[in-house]
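>>> return a 3D structure for these sequence lines:
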Amino acid sequence: MSVSCASQQSIATVATTQATVQVSQVWVADKGDGTYQNPILHADYSDPDVCRVGDDYYMTSSSFNAIPGLQILHSKDMVNWKIVGYALTRNKPLEHFAKPQHGNGVWAPAIRHHNGEFYIYWGDPDFGIYMVKTKDPAGDWEEPVLVKEGKGLIDPCPLWDEDGKAYLVHGWAGSRAGIKSILTVSKMSPDGTILLNEGVIVFDGHDNHPTVEGPKFYKRNGYYYIFAPAGGVATGWQLVLRSKNILGPYEEKIVMDQGSTSINGPHQGAWVTTPAGEDWFFHFQDVEAYGRIVHLQPMKWVNDWPVIGEDNDSDGKGEPVMVHRKPNVGKVYPIATPQDSDEFDGNQLGLQWQWHANPKSTWAFLNPTKGQLRLFTDQMPEGAKNIWDVPNLLLQKFPAEEFTVTTKLKFTPNPKLQNERTGLLVMGEDYAYIGLVSKSDGLYLTYNTVTAAHKGSPEKEELLGKLNSTEVYFRVQVSKGGKCQFSYSEDGTAFKSINYTFTAQPGRWIGAKVGLFATRQDKINDSGFADFDWFRVTPVTSNNYQTQK
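Predicted structure coming up:
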């Protein structure tokens, strides 16, 4: 390999960035016997890209409007992953992203290592192509640079050639640019900060590969390769283009599709190698409310074409595997998973949490002495129809097909106000939460739902009764199909279940999320607050439920 995302330099800083190791109770890909099961990440890491540096692997993915954005995950073996940081602390322009911009923001990033630095490029469909860089992917990243301004410029990926020249391939969003299903290659400054021309169309997918997008750029054995998904998120296939000339013409070949498997739309991801020379490919699968979950496939080269997954009929086109031996990386590493539960014992929120818009510094504070997270209520935005329009939603991805979330909280509303709210939320284009609302005579338990929240539908609220104290336990149990059963307890032992089952729905280009919020309706110089003791993700169990009457 002459140019790819691999490098011989090793980064040794990541191992010290996580003081504690948490293994998820609800999804582990490593089977412990030298094999792994797909998905390796049963969570919404949409449009994943991966880069190897020495014997370390780094992943990032689309984060859209969620902040911090561009989550950075680290692995030693491509199967066991931990979140180690973020590359983006605020979406820009700052004021634009101070309110929720569902489905906008960071689309389909590419991560690469070049001359001792890590680069991430992404397209914001409304503003252009951005780049951030750092020498330490688990540390601070520099401020974003606008590499190319424009509408509809998406899915960029750089390539630095052996002669020092730099290039960038990208796709187009028809909703903004008015064109789609084509790929463009532009010359780029060697420092990666600006495109030097308008680019050349190197591939038109309209005839055979509609909605071609998400290109990733590589070079091997004298060929330039563009790996690109086509055919649509839920139903498409993995296309690979190759040429001896970076500007084409490119040959085309489908190298993986669903075949006889249940893995719909297997495409868009990353080719990586092990230090020993094995080839592997990451891709996502769209599973609706659970988002775009990440699979790992074996890969091999046949006549300078990649074959991804298992090619049972030897036609040069593979299909996904569900269980496979782990990559040979020379040793066995401990089981690791992205963080989900949070005891709120430290000075910082767990890296799994993201806000729904650029945050204010007044929304949340940790108290490590008490081991609590305090959310201050923030005023609902003017004209908000429901909490689809609310920025201070503290959420994380669904971590598995089935799981339970339980949290304990104490609510201290401002006595001068009414209708301050806090609760446990499952968020998507439909949403539901179990919460507390302050009234003149105390705190009341509520169950609230919205269908088509993105269309401004009002909440439907059911009062469950008055809370006898200020403390309560909230729980949601998620089962197959995104079926959500909410419940509450005043003693942490006997939970009263809501009569209704809510079915989680995706958000805008994302899966459903689960988390916390605290809001108020009025503007005032002091707010109430909710103190959360912990947020625990555990397996689905048959706990002591009682039906709420």
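
>>> going forward, measure contacts between C-alpha atoms and count neighbours the same way
OK.

>>> pretty sure Tyr36 contacts Asp30?
Yes - look at Tyr36 against Asp30 with CA atoms under 8 Å: they come within range, at 4.5 Å.

>>> any common contacting residues for these two?
Taking CA atoms under 8 Å, 6 or more residues apart in numbering as the contact definition, Tyr36 and Asp30 share the neighbouring residues Val79.

>>> so who does Lys253 touch?
With contact set as CA under 8 Å, 6+ apart, Lys253 has these partners: Leu239, Val240, Leu241.

>>> tell me which element it is part of?
strand 251-256 (DSSP states H and E).

>>> between the helix or strand following that strand and strand 251-256, how many degrees?
Proceeding C-terminally, strand 251-256 gives way to strand 267-273 as the next helix or strand, assigned by DSSP H and E. With axes from the mean of the first three to the mean of the last three CA atoms, to 10 degrees as the criterion, the two stretches strand 267-273 and strand 251-256 enclose an angle of 90 degrees.

>>> next helix or strand past strand 267-273?
On the C-terminal side of strand 267-273, the closest following helix or strand by DSSP H and E is strand 279-286.

>>> pLDDT of that next one, averaged?
Mean per-residue pLDDT for strand 279-286: 98.

>>> go on, stretch 177-186?
Over the span of stretch 177-186, the pLDDT mean works out to 97.

>>> distance from the chain centre to that stretch, please.
25 Å (CA atoms, centre = their mean, to the nearest Å).

>>> tally of neighbours for Gly123?
Using other CA atoms under 10 Å, Gly123 is surrounded by 34 other residues.

>>> that one sits in which helix or strand?
Since the elements are taken from DSSP H and E, Gly123 ends up inside strand 117-124.

>>> direction included, what does that strand pair against?
The sheet places strand 117-124 alongside strand 107-114 (antiparallel), strand 128-134 (antiparallel), with pairing taken from DSSP bridges.

>>> now the ones you listed as JSON lines including distance to Thr89 and mean neighbour count?
Converted to JSON lines, those look like this (distance: least, CA to CA, whole Å; neighbours: other CA atoms under 10 Å):
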{"stretch": "strand 107-114", "distance to Thr89": "15", "mean neighbour count": "26"}
{"stretch": "strand 128-134", "distance to Thr89": "11", "mean neighbour count": "22"}
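
>>> minimum distance to Gly507: which of these has it?
In this view, the strands paired with strand 117-124 are compared for proximity to Gly507 by CA to CA, and strand 107-114 is the closest at 14.7 Å.

>>> export the closest one as CSV, just CAs?
The C-alpha coordinates for strand 107-114 follow below in CSV (Å, rounded to 0.1, in the frame of the first residue of the first chain):
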residue,chain,number,x,y,z
TRP,A,107,-22.4,15.0,7.5
ALA,A,108,-20.2,12.0,6.7
PRO,A,109,-16.7,12.9,7.9
ALA,A,110,-13.4,11.4,6.8
ILE,A,111,-10.5,10.9,9.3
ARG,A,112,-6.9,10.7,8.0
HIS,A,113,-3.4,10.9,9.4
HIS,A,114,-0.8,12.9,7.4
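
>>> ok, and what's touching that strand?
So strand 107-114 is in contact with 5-7, 46-51, 53, 59-64, 118-125, 154-158, 160, 214, 216, going by CA under 8 Å, 6+ apart.

>>> any idea how far that strand is from the chain center?
Averaging C-alpha positions (CA atoms, centre = their mean) puts strand 107-114 15 Å from its chain's average.

>>> report the rounded mean pLDDT for it.
The predicted confidence, averaged over strand 107-114, sits at 98.

>>> so where's the stretch 1-150 of the chain uncertain?
Residue ranges of the stretch 1-150 of the chain with pLDDT under 70: 1-21.

>>> which residue ranges of it form strands?
With DSSP state E, counting those that start in this stretch as the definition, the stretch 1-150 of the chain shows strands at residue ranges 35-37, 49-53, 56-60, 69-75, 81-88, 107-114, 117-124, 128-134, 145-149.

>>> which among these is found nearest to Gly350?
The stretch from these with the least distance to Gly350 (CA to CA) is strand 81-88; that distance is 9.2 Å.

>>> what is the distance between that closest one and the centre of its chain?
11 Å.

>>> what do you get for stretch 370-379?
How far stretch 370-379 lies from its chain's middle: 24 Å, per CA atoms, centre = their mean.

>>> format the CA atom coordinates belonging to it as PDB.
These are the backbone C-alpha positions of stretch 370-379, laid out as PDB (Å, rounded to 0.1, in the frame of the first residue of the first chain):
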ATOM      1  CA  LYS A 370     -22.300  14.600  46.000                       C
ATOM      2  CA  GLY A 371     -21.900  12.600  42.800                       C
ATOM      3  CA  GLN A 372     -24.700  14.400  41.100                       C
ATOM      4  CA  LEU A 373     -25.500  16.100  37.800                       C
ATOM      5  CA  ARG A 374     -27.600  19.300  38.200                       C
ATOM      6  CA  LEU A 375     -29.700  20.500  35.300                       C
ATOM      7  CA  PHE A 376     -31.100  24.000  35.600                       C
ATOM      8  CA  THR A 377     -34.400  24.600  33.900                       C
ATOM      9  CA  ASP A 378     -34.000  26.700  30.800                       C
ATOM     10  CA  GLN A 379     -36.700  28.700  29.100                       C
END
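
>>> what comes into contact with that stretch?
Counting contacts by CA under 8 Å, 6+ apart, the residues outside stretch 370-379 that touch it are 343-346, 362-367, 392, 420-422, 517-523, 527-534.

>>> so which bits of that stretch are buried?
When burial is assessed from 16 or more other CA atoms under 10 Å, stretch 370-379 yields the following buried residues: Gly371, Gln372, Leu373, Arg374, Leu375, Phe376, Thr377, Asp378, Gln379.

>>> the fifth one sits in which helix or strand?
If I follow you right, that is Leu375. strand 372-376.

>>> neighbours around Val440, how many?
Not quite, residue 440 is Ser, not Val. Residues near Ser440, counting by other CA under 10 Å, number 10.

>>> surely it touches Asn414?
No - because the distance of 10.8 Å does not satisfy CA under 8 Å, Ser440 is recorded as not touching Asn414.
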